[in-house]
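K.L.:
please find the sequence and the predicted model below.
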Amino acid sequence: MAGKKAGNLNKTTVAALANDKAAVYKIKNAKGDNVYTGAVARGKVQDQIAEHLKGGDEYVPGGKTIQLTQKATVGEARKSAARIIKRDQPKYNA
């Protein structure tokens with residue numbers, strides 16, 4: 001089942017995100033700057049991104065929106081995330 005691929009970073013949006021494929025995701029702040037990029041395996045999208053919400057183990061301060069791009073494999077997602085991190089140098093990908 002296909003789900004959302006973008007929206008506000010909150011519990012409701014995260015619960016509705018597409019979870020059927022591996023993905024690369026960007027968390028953006030209120031200005032639209034990429035503050036965190038990650039890659040996640042199929043079936044774990046919602047759980048992993050929920051960790052970035054306030055109170056989660058990997059909370060991303062200032063995260064306002066999420067942008068998700070589905071990939072065929074988790075390997076593809078990781079390669080894409082590495083390119084984005086190198087290009088954007090997100091604040092919380094230290």
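P.N.:
Received, thanks.
K.L.:
from here on, contacts and neighbour counts on C-alpha atoms
P.N.:
Fine.
K.L.:
check the protein for its longest helix and report it.
P.N.:
Identified as the longest helix of the chain according to DSSP state H is helix 74-88.
K.L.:
and that helix, what does it pack onto?
P.N.:
strand 22-28, strand 34-40 (3 or more Cα pairs under 8 Å, 6 or more residues apart in numbering; DSSP states H and E).
K.L.:
what does it contact?
P.N.:
With contact meaning Cα atoms under 8 Å, 6 or more residues apart in numbering, helix 74-88 is reached by 22-25, 34, 37-42, 70-71, 93.
K.L.:
can you redo the helices and strands packed on helix 74-88 as CSV with distance to Ala15, mean neighbour count and mean pLDDT?
P.N.:
Converted to CSV, those look like this (distance: least, Cα to Cα, whole Å; neighbours: other Cα atoms under 10 Å; pLDDT from 0 to 100):
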stretch, distance to Ala15, mean neighbour count, mean pLDDT
strand 22-28, 15, 25, 97
strand 34-40, 15, 23, 98
